[in-house]
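S.K.: the sequence and its predicted three-dimensional model are supplied below.
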Amino acid sequence: MGSTKALSKRAHRSGDDTQIKEIKEIKARQRAEDSDVSMDSGSESEGSDAEEEQEEEEEEEGDKAADTQRQGRKHAGGSAGSDVLALHEAAVAVRSNVLRLQTESLLDEVLVTAGSRATRGLDAALRQLRGELLGLASISGPLSADAARREARRAGVALSDTLPAAESSVAFEFRAPAAVHVVGSYALGWAVRTSSGFTVDVAAQLPAGLVLERDHLNYRYVHKRAFFVAMVCAGLRASALGDAWDVTVENARDDARLSVVALRPKRGVRGLPRGCCVRVLPALAAGELKLARLGGGRNGVRPSYVAAGASDEEAAETPQYNAAVAGDALLVTHMRFLHDTAAACEGFGGAAALLRVWLAQRTSAGENEPPVRGGRLTAFVLTMAMAWLVRSGRAGAGASAVQLFRATMEMLATKDFEAQPAAMGDSLGGFSSGAVLV
């Protein structure tokens, strides 16, 4: 009995339910055995009853103590679980706040903000550029292709030799732009400064009458565009801007069809941001060319133009050529589209800047973009892809800049654009069958 009592006390102190149950069963068997044995005296019976009552009281107290221990362990376990969950949530919140602060710090460092003290000289130069462009002298026409080439050479600007020869029916002339607008990332507020500087795009709209309805065919518009760019370059070199800026003709994205006027500050000129480049891009007024004819499935270069005597019955699609021509017609439309998207999604502008930083870190040098099939990956294409995510509802309007950036990266990594092109349709205006984005 003494050993059983000691075991009972140890079991109650430890709170072991299984051991307590076994001890109770042993005691029950002992009581049953004692009831079968006759007692020698009443005093012994009374002593035995008293001892049993004492043991029962001790067992009840032990049960209570065991229950208290179990409840304590349960409470301690629940408290520990809550503490672990709270620590995890705190760690996530800290990482999120750190990432947000790092993103804000990065954007503060790389963003180039129009109207700020740092861009005061540049903004003044852009206003001067607009005045010079609108005041350029006209060149009467019509000029033949050879006459236009001689005129450009006389002005000190050579037309590209990499383009196919212009058709004899193409007539050239030059008049000052009808309108001038600052477009692109600088105007939208998400231009970034990279190791190669930053770019400001200015759209110079060709005046009505220079481009005819069928000029999208056979490089007609491309040749007229190249002559327009050459004359703008010559006119700006001869203006007051030529004293502070180096004015040249360059090919955007290494594409001879997309020549632009590039202005860079001359060495030693004060008041202009270091590393900035202002590009003058030709633009077409709405309705100047029928966009429905410039879809990805249409032909813009007839086989008979490429090879004399070839049949035009089964002309192949020319999506890259069509996109080059359509880009000028959609320059201002794209600007409004991105502006409206940014207005509807607060994190869009910051995400667009992050995409530019990401792309700049992956360029080999200067303005070169990572090559992709059929062209080069540009910041504009990345931004339009992100806009497609927002406009199609695949990314929420309340998403932060980091969330939109991650969503765009995930889409680029997983989406097969050849099998499932991203199309904007009528939201870009004019493409009745859908405008293929990539």
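M.R.: Received the coordinates, thanks.
S.K.: quick one: what helix or strand has residue 279 in it?
M.R.: Assigned by DSSP states H and E, residue 279 belongs to strand 276-283.
S.K.: that strand pairs with which strands?
M.R.: Strands adjacent to strand 276-283 in the sheet, as given by DSSP bridges, are strand 198-205 (parallel), strand 259-265 (antiparallel).
S.K.: residues making contact with it?
M.R.: Strand 276-283 is contacted from outside by 122, 125-126, 129, 133, 181, 183, 197-206, 225, 228-229, 232, 236, 245, 250, 252, 260-265, 328-329, 331-332, using Cβ atoms under 8 Å, 6 or more residues apart in numbering. Using the backbone N, CA and C atoms, a C-beta is placed for each residue, glycine as well.
S.K.: I'd like the average pLDDT over it.
M.R.: The average pLDDT for strand 276-283 rounds to 96.
S.K.: do stretch 192-202 as well
M.R.: 92.
S.K.: list the buried residues of that stretch.
M.R.: 192-194, 197-202 (16 or more other Cβ atoms under 10 Å).
S.K.: for stretch 355-363, same thing?
M.R.: Buried positions in stretch 355-363, judged by neighbour count with 16+ other Cβ under 10 Å: 355-357, 359-360, 363.
S.K.: tell me which of those is nearest to residue 164?
M.R.: Nearest to residue 164 among the buried residues of stretch 355-363, counting by Cβ to Cβ, is residue 363 at 29.9 Å.
S.K.: which SS class is the closest one?
M.R.: coil (DSSP: H, G, I helix; E, B strand; the rest coil).
S.K.: what pLDDT does it get?
M.R.: Here the pLDDT value assigned to residue 363 is 70.
S.K.: format the buried residues of stretch 355-363 as a markdown table; extra columns: distance to residue 384.
M.R.: Output for those, formatted as a markdown table (distance: Cβ to Cβ, whole Å):
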| residue | distance to residue 384 |
| --- | --- |
| 355 | 11 |
| 356 | 13 |
| 357 | 17 |
| 359 | 13 |
| 360 | 18 |
| 363 | 19 |
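S.K.: tell me the one among the residues you listed nearest to residue 114.
M.R.: Set against residue 114, the nearest of the buried residues of stretch 355-363 by Cβ to Cβ is residue 356 (15.6 Å).
S.K.: I'd assumed the closest one was in a helix, is it?
M.R.: Yes: membership of residue 356 in a helix is supported by three-state DSSP.
S.K.: spit out the contact partners of it.
M.R.: 185, 190-192, 194, 379, 382.
S.K.: next one: residue 350
M.R.: With Cβ under 8 Å, 6+ apart, residue 350 has these contacts: 103, 107, 190, 400-401, 404.
S.K.: just flag the most distant two among the buried residues of stretch 192-202.
M.R.: Of all pairs in these, the most separated under Cβ to Cβ is 194 and 202 at 19.7 Å.
S.K.: tell me which of the strands paired with strand 276-283 lies nearest to residue 390.
M.R.: Closest of the strands paired with strand 276-283 to residue 390 is strand 198-205, at 22.2 Å (criterion: Cβ to Cβ).
S.K.: that older thread, selection in ChimeraX covering whichever of the contacts of strand 276-283 are buried, please.
M.R.: A single ChimeraX command is used to select the members of the contacts of strand 276-283 judged buried by 16+ other Cβ under 10 Å:
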select :122,125,126,129,133,181,183,197,198,199,200,201,202,203,204,205,206,225,228,229,232,236,245,252,260,261,262,263,264,265,328,329,331,332
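S.K.: and the helices in the stretch 51-200 of the chain, which stretches?
M.R.: For the stretch 51-200 of the chain, helices defined by DSSP state H, counting those that start in this stretch occupy the ranges 120-134, 145-154, 184-188.
S.K.: between the buried residues of stretch 192-202, which is nearest residue 394?
M.R.: The closest of the buried residues of stretch 192-202 to residue 394 turns out to be residue 192 (Cβ to Cβ; 24.7 Å).
S.K.: which stretches of the stretch 201-350 of the chain form helices?
M.R.: With DSSP H, counting those that start in this stretch as the criterion, the stretch 201-350 of the chain has helices spanning 220-238, 303-306, 319-329, 331-344, 348-360.
S.K.: give me the low-pLDDT residue ranges for the stretch 251-400 of the chain?
M.R.: Within the stretch 251-400 of the chain, the segments meeting pLDDT under 70 span 364-376.
S.K.: how close does the closest residue in space to residue 262 that isn't next to it in sequence sit to residue 264?
M.R.: Among residues not flanking residue 262 along the chain, residue 250 sits closest, at 4.6 Å (Cβ to Cβ, 6 or more residues apart in numbering). According to Cβ to Cβ, to the nearest Å, residue 250 and residue 264 sit 10 Å apart.
S.K.: same question, residue 247
M.R.: Distance, residue 247 to residue 264, using Cβ to Cβ: 8 Å.
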